[in-house]
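Q: What follows is a predicted structure for the sequence shown.
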Amino acid sequence: DRLGDLFAAFSERRLVTLSQDGLEDGLLWDMAEWYHLAGDRLPLEGSTFRDLHDQWYPIIRREREYLESVERAELDARPIPYPDEMMALDGAMINKDLVFRVFQRAGDIRDASGVMGNCISGYAQEASEDLVKLYWLEKHGSMYANIEVRNGWLRQLYGRRNMRLPEQEHHVVVAWLEEK
């Protein structure tokens, strides 16, 4: 148990007890992360939580931000797996205005979230692991809508800021997807 191991490690190093320091579980988890990242560099003996916080939080925050940026870069670079028949549809005209598009990388999905003002970026990892299929529609050269298909079912088809498409367009896209 990680929390128990951590508590034992802190106790062995004579860190001020939890009751004296007034630590809550969330703060203890922060300290666990600090201990993990900083290792022996943390001078635990005789230290209070406030001492550790003031000394190490800025350093650990930078390390955490760096690790998150590395993880984000690795995720962004992941290709999105699609069946060949869906890849072949990339660029297909749905009607005279709408073009069907596939996302190439998880980073493209994250970027789409900023363009569309929605939460599609939260599905980037699932898409890279082939748990969900995400597509997008282009209209007049710009991203117009996002599509989520999960387990073969259309789950979401929304425009900017999760607005519904005009009813006629919605029906055209749904009919086209069902045909494919």
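A: Yep, that arrived.
Q: Going by neighbour count, which residues of stretch 157-170 are buried?
A: L157, Y158, G159, L165, E169 (16 or more other C-beta atoms under 10 Å). (Each C-beta comes from the backbone N, C-alpha and C, glycine too.)
Q: same deal with stretch 133-140?
A: By 16+ other C-beta under 10 Å, the buried positions in stretch 133-140 come out as K133, L134, Y135, W136, L137, E138, K139.
Q: I'd guessed the last one sits against D97; true?
A: Read it as K139. Yes: taking contacts as C-beta atoms under 8 Å, K139 lies within contact range of D97: 5.3 Å.
Q: which non-adjacent residue is nearest E138?
A: Nearest non-adjacent residue to E138, counting by C-beta to C-beta, 6 or more residues apart in numbering: V99, 4.1 Å away.
Q: Please disregard the earlier target; I meant V149.
A: Once flanking residues are discounted, V149 sits nearest to K133: 4.2 Å by C-beta to C-beta, 6+ apart.
Q: next one: A92
A: F100 (4.7 Å).
Q: cool, and E126?
A: Nearest residue to E126 in three dimensions, chain neighbours excluded: V132, at 4.6 Å (C-beta to C-beta, 6+ apart).
Q: quick one: G141 and G91, what's the gap?
A: According to C-beta to C-beta, to the nearest Å, G141 and G91 sit 12 Å apart.
Q: And I80, by the same measure?
A: I80 sits 16 Å away from G91, going by C-beta to C-beta.
Q: now swap in S113 and tell me
A: Using C-beta to C-beta, we find S113 at a distance of 22 Å from G91.
Q: Which of the two has more residues huddled nearby?
A: Neighbours were counted for S113 and for G91 using other C-beta atoms under 10 Å; S113 has more, 16 against 10.
Q: quick one, what contacts the more buried one?
A: C119, I120, S121, G122 (C-beta atoms under 8 Å, 6 or more residues apart in numbering).
Q: Helix or strand with the lowest mean pLDDT in the chain?
A: helix 18-21 (a mean of 42; mean pLDDT, DSSP states H and E).
Q: Show me what the top strand by length along the chain is packed against.
A: Looking across the chain with DSSP state E, the single longest strand is strand 142-150. With contacts taken as 3 or more C-beta pairs under 8 Å, 6 or more residues apart in numbering; DSSP states H and E, strand 142-150 sits against helix 106-116, strand 133-139, strand 153-158, helix 167-179.
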